[in-house]
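Undergrad: generate coordinates for the sequence data below:
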Amino acid sequence: MAGLRVRPSESTGAAMEGVPSAADLASAREFLAREVPPTPAVSLPHLSSALGREIWMKLECLSPIRSFKHRGALCSVRALKASGASGVLTVSTGNHGQGVAYAGGRLGVPVTVVAPRPSEPRKLAALRALGAQVELRGENLSEAEEAAAQLAAARELVYLEDGEDPWLMAGASTVLLELTEQAAGLDTVLVQVGGGNLVAASLLAARAAGSPVRIVGVQSTAAPGATLSWQQGSIRPAESRTIAGGIATEKPGRLSLEVMKALLGSMVLVDDADLWRSVGTLLQTTGLAVEPSGAAGLAALERFGAEIEGERVGVLLTGGWIGEAALAQVAARLAATSVRRESV
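TA: Here you go, the predicted model:
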């Protein structure tokens, strides 16, 4: 059921094992500052007025691969290359794989991406355009992951798993670090949750910076595995039926869940219909075509704003991969709504 979930954090996070340190986060920030420019953060007066608070948007949809995933991938692939890895294999339905493929191309490391057979053809084409070898295995993410582990072992490739790699997390932390510099004094930042890498990275970034900003996770009711696992304190897979590919996971990564258990106090579950509505809101107010997972933070505000604290709120637009047909449907609904209003 959609709504706000609250869970007391277990500790300050001091006992977490395997997570990137404050020094790792600083190293990732320094490296990425040389490799890619920061994405913009903008305040939106019309949206702020409608929601009754100051809203800042972090436009990760304008990155070189139209999502934030290049950040962690560059850091991780750099570390793997330094360790002597001859190639990297990962599993993805789109954005994570594109991040790894982009990093491999930039750093000269061959990349193989294993994807479920039902993956979107245009995202698979984007992976190939970035130089990745694409292998289709299984009918869902879990089956693809099983096949990927076997392929990596057989081909002697490093298996890079989202939510399980500290350098992926360190790189992703730079999203929040940039945003809090671009929009000082934020009270709350809403962060999408699929496998949990980004929300965990954001929590670690806030802690390392000594920032009082409140991090709130947002997930779809149609893919609630990370929320259920966070609530129960251990990994509890749940079927993923969401249309939002960027957060379509059945469970969180082990490393991500450790950080979430220790540092995350609030999660919001939204319905897929809420995601589509907010895709329309963003198209109407910003002119940006954002994928449903990228609109999750705004969806939480639009539906449950009264339950989310903060006068200055940050929202991450994490991805801009939305199909032409879906975008046309969103635009058609906006046009129909406008006609109805004008006829009243």
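Undergrad: is it true that T112 lies in a strand?
TA: Yes: counting by DSSP: H, G, I helix; E, B strand; the rest coil, T112 is located in a strand.
Undergrad: residue contacts, it?
TA: Contacts for T112 (CB atoms under 8 Å, 6 or more residues apart in numbering) come out as 87-90, 132-135, 151, 155, 157. No exception for glycine: its C-beta is placed from N, CA and C like everyone else's.
Undergrad: would JSON lines of the residues you listed with pLDDT be doable?
TA: Listed next are these as JSON lines, based on pLDDT from 0 to 100:
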{"residue": "G87", "pLDDT": "96"}
{"residue": "V88", "pLDDT": "97"}
{"residue": "L89", "pLDDT": "97"}
{"residue": "T90", "pLDDT": "96"}
{"residue": "A132", "pLDDT": "97"}
{"residue": "Q133", "pLDDT": "97"}
{"residue": "V134", "pLDDT": "97"}
{"residue": "E135", "pLDDT": "96"}
{"residue": "L151", "pLDDT": "95"}
{"residue": "R155", "pLDDT": "94"}
{"residue": "L157", "pLDDT": "95"}
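Undergrad: buried only: go through the residues you listed for me.
TA: 87-90, 132, 134, 151, 157 (16 or more other CB atoms under 10 Å).
Undergrad: inside helices: which ones of the contacts of T112?
TA: Cross-referencing the contacts of T112 against helices under DSSP state H gives 151, 155.
Undergrad: and the helices in the stretch 51-200 of the chain, which stretches?
TA: With DSSP state H, counting those that start in this stretch, the ranges of helices along the stretch 51-200 of the chain come out as 70-82, 95-107, 121-129, 141-155, 166-182, 197-209.
Undergrad: closest one to P121 out of the buried ones among the contacts of T112, please.
TA: Of all the buried ones among the contacts of T112, P121 sits closest to V134, with 10.8 Å by CB to CB.
Undergrad: can you tell me how far the closest one is from G245?
TA: 15 Å (CB to CB, to the nearest Å).
Undergrad: before we move on, what about G185?
TA: Distance check for G185 against G245: by CB to CB, it reads 33 Å.
Undergrad: also A201?
TA: Taken as CB to CB, the span from A201 to G245 is 20 Å.
Undergrad: higher neighbour count, those two?
TA: In this view A201 and G245 are compared by other CB atoms under 10 Å, and A201 has more residues nearby, 32 against 22.
Undergrad: adding distance to V6, write the helices of the stretch 51-200 of the chain out as TSV.
TA: What follows is those, written out as TSV (distance: least, CB to CB, whole Å):
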stretch	distance to V6
helix 70-82	28
helix 95-107	29
helix 121-129	35
helix 141-155	28
helix 166-182	21
helix 197-209	15
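Undergrad: nearest to A22, out of those?
TA: Nearest of these (CB to CB): helix 197-209, 4.1 Å.
Undergrad: can you map out the strands along the stretch 201-344 of the chain?
TA: In the stretch 201-344 of the chain, the strands defined using DSSP state E, counting those that start in this stretch lie at 214-220, 266-270, 312-317.
Undergrad: in its sheet, what does the first one sit against?
TA: When pairs are called by DSSP bridges, strand 214-220 turns out to pair with strand 188-192 (parallel), strand 266-270 (parallel).
Undergrad: let me see the contact set for L89.
TA: By CB under 8 Å, 6+ apart, the neighbours of L89 are 111-114, 148, 151-152, 155, 157-160.
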